[in-house]
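1. everything below, folded, please.
(chains A and B)
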There are 2 protein chains.
Amino acid sequence: MRNIQLIIEYDGTNYCGWQIQKNGVTIQEEICRAIKQVTKQEANLIGSGRTDAGVHALAQSANFKTLSTIPTNKIPVALNSLLPKDIRITNAIEKSMEFHSRYSALGKIYQYRIINNEYGSALDWHRCLHVRHKLNVEKMKRGAELFIGTHDFTAFSRENTSVVNKVRTIFQSQIEVKGDELVFRIHGNGFLYNMVRVIVGTLIEVGQGRIEAESIPSIIASKDREKAGITAPAYGLYLSEVLY
Amino acid sequence: MRNIQLIIEYDGTNYCGWQIQKNGVTIQEEICRAIKQVTKQEANLIGSGRTDAGVHALAQSANFKTLSTIPTNKIPVALNSLLPKDIRITNAIEKSMEFHSRYSALGKIYQYRIINNEYGSALDWHRCLHVRHKLNVEKMKRGAELFIGTHDFTAFSRENTSVVNKVRTIFQSQIEVKGDELVFRIHGNGFLYNMVRVIVGTLIEVGQGRIEAESIPSIIASKDREKAGITAPAYGLYLSEVLY
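-> All right, here's what the predicted structure looks like:
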């Protein structure tokens, strides 16, 4: 038996997210089907975590155990030949049997792309959020830094989730400007459901002057979802790295 | 009467090219419909040239004459509110009545994106050509330079076109490497039908070792389409600028 880690890039536009479900095609399902064709065995593919419908990944991580003897370095080509073009296996690595994509993860990095101009982007309209009115980027940068540290992020998570411990540590949270585009990058030891999207929505409202950057610590302390900003749409979000 | 130039960004994926035709939706048609709604008049929208089905534009140029009194700086917002998201008017400029998007053009710049790795790109698979086997970029760079100058490009054009004068001047022709991606950039005073795509196809064959870079001058001199390389697919090609 071998334990194979896959690194996966995907465009989430045409999928109902990562996790297998009844009501639509998912990325996990597509990859499981390809693994079954290649290995002639059912695979239990464990992702580092779910991504919502429409969310993209530059390097999602998943693993499965297999009795197949296919050389590890042939796995990406074999799977890619069966997968749709908007899902690509960029690497396969043999790991110890203990490795678990979700439980072994030490952290994750997400990116969120915002295009801030009058007209949007014809080429990337489903890959970044278009905000038409000029955002105050300096305020957003100040706000982004205030998420760094260990906090209870209840105020930045979708309510009624079953997760009990809502304390997470953010190591990096910053905004880079590339022409008309703002790229928000956040690195944490883990994220609650919708957490990155609510943080981004809050920072957008900071950039619009609706929320003061300096009020972010008190929004965190309130543990009140109502105090934070909107949930930014899924299609601007990218899971860019899972750290082990 | 005013003469309005539009600068247009589009994702060509879902269109049958620029030019209005019977058998499918085109970019020109979508923009004409929006102009009619905004100005309440039929518009004769003149593009700098056609782009084929699937070809993208970062800055196509087109112009139309109108009696409408709408302020020029309001035109992009008005048109964009009516256009699909994969077509964006990025600017509108009032020009002299003599300005003609096609006849006034002094040159054009095209780009072609090639992704050269084992697996392709999940996020950009319909925006760049995937070449799996490693290309010899140094040879391609040498080959690219050999297109610079004034030549009869008959060998690099689709046969049986009605254009009589096939002499064009290439000012710049170069390949940049960005990670796994090669970006070919070509600036000329004009291009024959399919010319950029045949040049790219030829350079790919140079990178594969099937055509010698040094044979490009003799391929040009032969005026024989059979001697040049394949026609690279439309979806990697971008009209990036029209120069006046």
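2. how many residues are close by residue A:20?
-> 16 (other CB atoms under 10 Å in any protein chain shown). Glycine gets a C-beta too; all of them are placed from N, C-alpha and C.
3. all strands of chain A, in order?
-> Residue ranges of the strands in chain A, as given by DSSP state E, are A:2-10, A:46-47, A:56-66, A:87-95, A:107-115, A:129-130, A:149-152, A:167-178, A:181-188, A:237-243.
4. and the second one, what does it pack onto?
-> Spelled out, that is strand A:46-47. strand A:56-66 (3 or more CB pairs under 8 Å, 6 or more residues apart in numbering or on different chains; DSSP states H and E).
5. could I get the CA-only coordinates of the strand it packs on as PDB?
-> Extracted in PDB, the C-alpha atoms of strand A:56-66 (Å, rounded to 0.1, in the frame of the first residue of the first chain):
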ATOM      1  CA  HIS A  56     -10.200  28.300  -7.500                       C
ATOM      2  CA  ALA A  57      -7.000  26.500  -6.400                       C
ATOM      3  CA  LEU A  58      -3.400  27.000  -7.500                       C
ATOM      4  CA  ALA A  59      -2.200  24.200  -5.300                       C
ATOM      5  CA  GLN A  60      -4.800  22.200  -3.400                       C
ATOM      6  CA  SER A  61      -3.400  19.200  -1.700                       C
ATOM      7  CA  ALA A  62      -5.100  15.800  -1.400                       C
ATOM      8  CA  ASN A  63      -4.000  12.200  -0.700                       C
ATOM      9  CA  PHE A  64      -5.200   8.600  -1.400                       C
ATOM     10  CA  LYS A  65      -3.900   5.200  -0.500                       C
ATOM     11  CA  THR A  66      -3.500   2.700  -3.300                       C
END
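6. low-confidence ranges, chain A, go.
-> For chain A, the stretches flagged by pLDDT under 70 are A:160-161.
7. enumerate the residues of it near chain B.
-> Chain A has residues A:9-11, A:56, A:58, A:76-77, A:80, A:85-90, A:118-123, A:125-127 near chain B, with proximity defined as CB under 8 Å from any CB of the partner chain.
8. how is chain A divided into domains?
-> Here the domain parsing of chain A from automatic domain parsing is A:2-95, A:107-243.
9. just send these back as CSV, with distance to residue B:109 too.
-> As requested, the domains of chain A are exported to CSV (distance: least, CB to CB, whole Å):
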stretch, distance to residue B:109
domain A:2-95, 28
domain A:107-243, 16
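10. of these, which approaches residue B:228 most closely?
-> Nearest of the domains of chain A to residue B:228, taken as CB to CB: domain A:2-95 at 27.9 Å.
11. which strand residues bridge residue A:60?
-> Beta-bridge partners recorded for residue A:60 (DSSP bridges): residue A:8.
12. go ahead and confirm it touches residue A:46.
-> No: applying CB atoms under 8 Å, one finds residue A:60 not in contact with residue A:46, separated by 11.4 Å.
13. and the two? Which one has more around it.
-> Per other CB under 10 Å, whichever of residue A:60 and residue A:46 has more neighbours is residue A:60, with 30 against 20.
14. distance check, that one against chain B.
-> Distance, residue A:60 to chain B, by CB to the nearest CB, to the nearest Å: 10 Å.
15. what's the burial count for residue A:77?
-> Counted with other CB under 10 Å, residues neighbouring residue A:77 total 14.
16. likewise for residue A:244?
-> Residues lying near residue A:244 (other CB under 10 Å) number 13.
17. please report the distance of it from residue A:88.
-> 21 Å (CB to CB, to the nearest Å).
18. ok, now residue A:19?
-> 19 Å.
19. same question for residue A:220.
-> Counting by CB to CB - residue A:220 and residue A:88 are separated by 37 Å.
20. equivalent analysis for residue A:97, please.
-> Residue A:97 is 26 Å from residue A:88, by CB to CB.
21. what of residue A:34?
-> 11 Å.
22. which residues are in contact with both of those two?
-> Applying CB atoms under 8 Å, 6 or more residues apart in numbering or on different chains, one finds that no residue jointly contacts residue A:34 and residue A:88.
23. now do the buried residues in stretch A:173-187.
-> Across stretch A:173-187, burial judged by 16 or more other CB atoms under 10 Å in any protein chain shown covers A:173, A:175, A:180, A:182, A:183, A:184, A:185, A:186, A:187.
24. what does it contact?
-> For stretch A:173-187, using CB under 8 Å, 6+ apart, the contacting residues are A:107-117, A:121, A:128, A:135, A:137, A:140-141, A:144-145, A:147-148, A:170-172, A:196, A:199-200, A:203, A:240, A:243.
25. buried set for stretch A:18-29?
-> In terms of neighbour count (16+ other CB under 10 Å), stretch A:18-29 has its buried residues at A:18, A:20, A:26, A:27, A:28, A:29.
26. closest one to residue A:224 out of these, please.
-> residue A:18 (29.0 Å).
27. for chain B, see how far away that closest one is.
-> Taking CB to the nearest CB, one finds residue A:18 at 13 Å from chain B.
28. was I right to think that residue contacts residue A:29?
-> No: counting by CB under 8 Å, residue A:29 is not a contact partner of residue A:18; they are 9.3 Å apart.
29. who has more neighbours, residue A:97 and residue A:88?
-> A direct count of neighbours by other CB under 10 Å for residue A:97 and residue A:88 places residue A:88 higher, at 24 against 9.
30. any idea how far residue A:129 is from chain B?
-> The gap separating residue A:129 from chain B is 12 Å, by CB to the nearest CB.
31. contacting residues for the closest residue to residue A:40 other than its chain neighbours?
-> Nearest non-adjacent residue to residue A:40, counting by CB to CB, 6 or more residues apart in numbering or on different chains: residue A:68, 7.3 Å away. Shown in contact with residue A:68 (CB under 8 Å, 6+ apart): A:2, A:38, A:39, A:40, A:41.
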